[in-house]
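Chemist: requesting a structural model of the entry that follows:
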Amino acid sequence: MLRSSPKTKAELLTRCEALQGLTFAHLSMHSQLPIPLEARQRKGWLGMAVEKILGASAGNKSLPDFPELDIELKTIPLNQKKQPAESTFLTSISLLTIHQETWMTSCCYAKLKCILWLPVEGCSSIDFYTRRIGRAVLWEPNATQKRILEQDWLELTTLITTGNLEKIDATFGEYLQIRPKGANAKSLCYGINDEGCKILTMPRAFYLRSRFTKTLL
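Modeler: All right, here's what the predicted structure looks like:
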């Protein structure tokens, strides 16, 4: 079922309410997207199915999933304690051109302005087909959160643009962090080293820490 883009936030939230409590098997039926038989092939399936049903229109563009509403969609798996099971992917980083961005013009900022969180059961003890979708939460950062997110972004991007990419580890950033983002260790892209020379390195992306996202749900 391919739906048109929602015209208002209220319409989008109404569509989310219709998903609440559905199993992944039901989601597969409604979206007409079969669940891959092999677990390793299921990565990304949930996001595609939800985007199709809710009418997300951005596709793979570096825009919020609902560009007309300036809303980004994030499914977030929860563990047995009903807390985020992992950090949340936000956006990939263009290592060679990020120096041209400011916080206000960055893809990161565009996706953080308003996020529709859709919690789902993510505990490995629950069969994938019977995992359920929870209640959606529409979130906009408050003044304190905006300040910390901007500080994190500035700190991390400064390290990239000054050739210190390889020094960045999971300890950097209070809410935002940078992690490798690639299919495997052979997935490489170009970055800049501390001598200003192009080097091959792992692709990187911004992620939101689970200790932050658990405060939003």
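
Chemist: pLDDT value on the residue of the chain positioned farthest from its centre, please?
Modeler: Residue farthest from the centre of the chain, counting by Cα atoms, centre = their mean, is residue 195 at 32.0 Å. What the model reports as pLDDT for residue 195 is 83.

Chemist: check the one 10 residues further on too.
Modeler: With respect to pLDDT, residue 205 scores 95.

Chemist: so where is this structure shaky, pLDDT-wise?
Modeler: 1-2, 60, 183-185 (pLDDT under 70).

Chemist: and the top helix by length along it, what does it pack onto?
Modeler: Longest helix of the chain, by residue count under DSSP state H: helix 143-161. Other elements packing on helix 143-161 under the criterion 3 or more Cβ pairs under 8 Å, 6 or more residues apart in numbering; DSSP states H and E are helix 107-112, strand 176-180, strand 189-192, strand 204-208. C-beta coordinates here come from the backbone N, C-alpha and C atoms, glycine included.

Chemist: for that helix, buried residues please.
Modeler: By neighbour count on 16 or more other Cβ atoms under 10 Å, the buried set for helix 143-161 is 145, 148, 149, 150, 152, 153, 156, 157, 159, 160.

Chemist: closest one of those to residue 186?
Modeler: residue 160 (21.8 Å; Cβ to Cβ).

Chemist: who's in contact with the nearest residue to that closest one once chain neighbours are set aside?
Modeler: Computed as Cβ to Cβ, 6 or more residues apart in numbering, the closest residue to residue 160 that is not its neighbour in sequence is residue 98, at 5.8 Å. Residue 98 makes contact with 106, 157, 160, 161, according to Cβ atoms under 8 Å, 6 or more residues apart in numbering.

Chemist: and the gap between residue 98 and residue 109?
Modeler: Counting by Cβ to Cβ, to the nearest Å, the gap from residue 98 to residue 109 is 12 Å.

Chemist: swap in residue 192?
Modeler: 22 Å.

Chemist: go on, residue 167?
Modeler: 24 Å.

Chemist: more neighbours: those two, which one.
Modeler: residue 109 (17 against 10; other Cβ atoms under 10 Å).

Chemist: for the closest residue to that one other than its chain neighbours, which residues are in contact?
Modeler: Distances taken as Cβ to Cβ, 6+ apart place residue 103 nearest to residue 109, at 5.6 Å, with adjacent residues excluded. By Cβ under 8 Å, 6+ apart, the contact set of residue 103 is 109, 150, 153, 154.
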